[in-house]
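In: What shape does this take:
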Amino acid sequence: MNKILLVIQREFMTRVKKKSFLLATILVPLIFPAIIGLMVYLKSESEKNKEQELIYLLNDSALVTFEDSDRYKYENVEGPLDSAKSTFSKSEAFALIYIPELDIEDPKGVAFYAKSSPGVTLVRGFEKDIESQIRDRKLTLAGLSDDQLDQLKTSVSISSFNLSDTGDEKKSDAKSTFWISYVMGFLIYIFLFAYGSQVMQGVIEEKSSKIVEVIVSTVKPFQMMVGKVVGVASVGIIQFVIWMVLMGVIWAVIGSLLGLDPSQAQAAGMTPEQQQIQSNEILEIIQDVNWTQIISLFLFYFLGGYLLYGALFAAVGSAVDTPADAQQFMMPIMLPIIISLMGLFMFVFEDPDGTVSFWLSIIPFTSPIVMMGRIGFGVPAWEIVLSMVLLVGGFIFTLWLAGRIYRIGILMHGTKVNYKVLAKWLMQKN
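Out: Numbers count the residues shown, from 1 in each chain. This is a model prediction of the structure:
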């Protein structure tokens with residue numbers, strides 16, 4: 001055990017003392033808010049500086065009309081469509097919209113012409129505008145007045161609550177739940193790749209430099225592998241904690257600065273009372289989130305997932321001589337991680353309690369990412385316990401499995417390794 005601790009200490013101190021560690025630890029929390037802030041600023045400036053675009057309109061239908069706005073100015077053109085397209089192609093206009101004589105029951109044939117491919121949201125905006133006008137025209141033909149049409153337009157806001165078995169209720173917010181789940185799952189996804197690759201790269205470097213041959217004279221290969229994996233994990237946890245503290249401080253400062261400017265809320269048409277209600281609801285949602293549980297589970301699944309995959313990365317690093325040779329073994333390791341992230345979007349966010357979501361959060365190779373994605377939606381305690389127990393069993397198994405490859409591969413040089421060779425090493429007793 002003492003030898004494993006010495007290897008852990010060596011790995012930890014070697015990496016922490018590197019300038020790259022210090023730079024990454026300090027710069028990452030600054031870079032991400034800076035990038036987000038820059039993108040928001042550029043988006044805002046882009047919207048402000050957009051000039052009014054000219055759109056040619058060839059409208060043969062009485063069902064649809066277009067009015068000028070701050071964004072678009074419409075100019076009617078006459079003649080057949082071919083003539084209108086020729087006029088448009090020689091002009092500086094942004095687009096040409098052609099609306100034929102429409103059948104109110106089956107309006108087809110509307111075309112949007114542009115000199116470059118338009119954005120999906122742009123075309124969809126025009127579609128919604130035309131759909132709305134035709135729908136209102138149908139209702140008018142049915143005998144409804146403009147006042148009655150206005151009365152038919154209704155906005156509904158649904159308040160979401162979580163109800164416990166005892167009847168207690170607390171307000172929830174689907175958007176907040178989504179972002180908590182997404183961020184936690186995505187962070188583990190990034191860390192598994194980043195720190196797993198560090199383990200593999202470190203093993204390859206030591207093997208190539210022959211340092212490992214000196215170390216294994218006093219430390220067993222399995223002890224060395226466990227020490228390396230745990231040592232890099234401890235670096236990752238320390239770095240993550242520092243990042244969270246720094247980013248929390250930065251976002252708190254940014255939030256307070258943004259909160260001092262009420263013009264945004266006023267521009268959105270919110271009264272001081274509405275602003276206060278919204279602020280209270282946001283605070284209530286934040287306070288109701290069990291942050292102790294989320295952070296504790298994040299650290300567990302981060303460490304468990306890392307130990308599981310870190311051992312496999314270490315085994316791959318011990319079996320090859322160069323990073324290029326490792327590529328053939330990387331896909332089987334990376335595939336469950338990729339499936340986990342895809343599962344978040346395809347299953348968890350759509351149906352967090354569904355069968356696929358359940359099994360992806362239980363299987364050790366996918367549970368670190370998927371279970372963190374489900375936590376924000378509320379998961380029964382027995383499912384969490386089962387997932388944690390299986391994950392512990394999973395990384396113990398992969399440590400044993402990887403150790404059998406590591407003990408032989410770390411001392412092999414110039415050997416062409418394939419899956420058949422790895423299977424032979426696994427079965428070899430000494």
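
In: hey, where'd the strands end up in the stretch 151-300 of the chain?
Out: 160-163, 169-172 (DSSP state E, counting those that start in this stretch).

In: what's the longest helix in the protein?
Out: helix 221-259 (DSSP state H).

In: for the record, mean pLDDT for it?
Out: Mean per-residue pLDDT for helix 221-259: 74.

In: One more: stretch 72-82?
Out: So the average pLDDT for stretch 72-82 ends up being 87.

In: in the lengthiest strand in the chain, what's buried?
Out: Identified as the longest strand of the chain according to DSSP state E is strand 53-59. For strand 53-59, burial by neighbour count (16 or more other C-beta atoms under 10 Å) applies to I55, Y56, L57, L58, N59. (Glycine included, C-beta is placed from N, CA and C.)

In: What of stretch 293-306?
Out: So, applying 16+ other C-beta under 10 Å, buried residues of stretch 293-306: I294, L297, F298, F300, Y301, F302, L303, G304, G305, Y306.

In: ok, residues contacting it?
Out: Residues outside stretch 293-306 that contact it (C-beta atoms under 8 Å, 6 or more residues apart in numbering): 180, 184, 187-188, 191-192, 195-196, 229, 233, 236-237, 240, 364, 367-369, 371-372, 375-376, 384, 388, 391-392, 394-395.

In: out of those residues, which are buried?
Out: Using 16+ other C-beta under 10 Å, the buried ones in the contacts of stretch 293-306 are 180, 184, 187-188, 191-192, 195-196, 229, 233, 236-237, 240, 364, 367-369, 371-372, 375-376, 384, 388, 391, 394-395.

In: follow-up on the earlier one: save the buried residues of stretch 293-306 as a markdown table, and put in pLDDT too.
Out: A markdown table is the format used below for those (pLDDT from 0 to 100):
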| residue | pLDDT |
| --- | --- |
| I294 | 80 |
| L297 | 87 |
| F298 | 85 |
| F300 | 90 |
| Y301 | 90 |
| F302 | 86 |
| L303 | 87 |
| G304 | 89 |
| G305 | 89 |
| Y306 | 86 |
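
In: so which of those comes closest to K18?
Out: Y306 (19.3 Å; C-beta to C-beta).

In: ok, how many other residues are close to I362?
Out: Residues near I362, counting by other C-beta atoms under 10 Å, number 17.

In: pLDDT weak spots in the stretch 251-400 of the chain?
Out: 251, 254-290 (pLDDT under 70).

In: that older thread, sheet partners, orientation included, of the longest strand of the chain?
Out: strand 72-76 (parallel), strand 95-99 (parallel) (DSSP bridges).

In: Adding mean neighbour count, write the ones you listed out as CSV.
Out: Listed next are the strands paired with strand 53-59 as CSV, based on neighbours: other C-beta atoms under 10 Å:
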stretch, mean neighbour count
strand 72-76, 14
strand 95-99, 21
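
In: Which one, of those, ends up nearest to S46?
Out: The nearest among the strands paired with strand 53-59, by C-beta to C-beta, is strand 72-76 at 16.2 Å.

In: Show me the contact partners of that closest one.
Out: 52-59, 66-68, 93-94.

In: cool, and stretch 131-150?
Out: L63, V64, T65, L102, I104, P107, L152.

In: what's the average pLDDT for that stretch?
Out: Across stretch 131-150, the average pLDDT comes to 79.

In: Buried ones in it, by neighbour count?
Out: Q133, I134, D136.

In: where's the last one relative to T154, distance?
Out: I take that to be D136. 14 Å (C-beta to C-beta, to the nearest Å).

In: Show only the entries of the buried ones among the contacts of stretch 293-306 found in helices.
Out: 180, 184, 187-188, 191-192, 195-196, 229, 233, 236-237, 240, 367-369, 371-372, 375, 384, 388, 391, 394-395.

In: ok so, going back, ok, the buried residues of stretch 293-306 vs S340, which is closest?
Out: Among the buried residues of stretch 293-306, and counting by C-beta to C-beta, the member closest to S340 is G305, at 9.1 Å.

In: The helix or strand where that closest one lies versus helix 221-259: what angle between them?
Out: With elements taken from DSSP states H and E, the one containing G305 is helix 291-319. Counting by axes from the mean of the first three to the mean of the last three C-alpha atoms, to 10 degrees, helix 291-319 lies at 140 degrees to helix 221-259.

In: Measure how far helix 291-319 is from the centre of its chain, please.
Out: 18 Å (C-alpha atoms, centre = their mean, to the nearest Å).

In: Against which helices or strands is the helix or strand that that helix is followed by packed?
Out: Per DSSP H and E, the first helix or strand lying C-terminal to helix 291-319 is helix 323-343. Judged by 3 or more C-beta pairs under 8 Å, 6 or more residues apart in numbering; DSSP states H and E, helix 323-343 is in contact with helix 174-208, helix 291-319, helix 355-362, helix 367-375.
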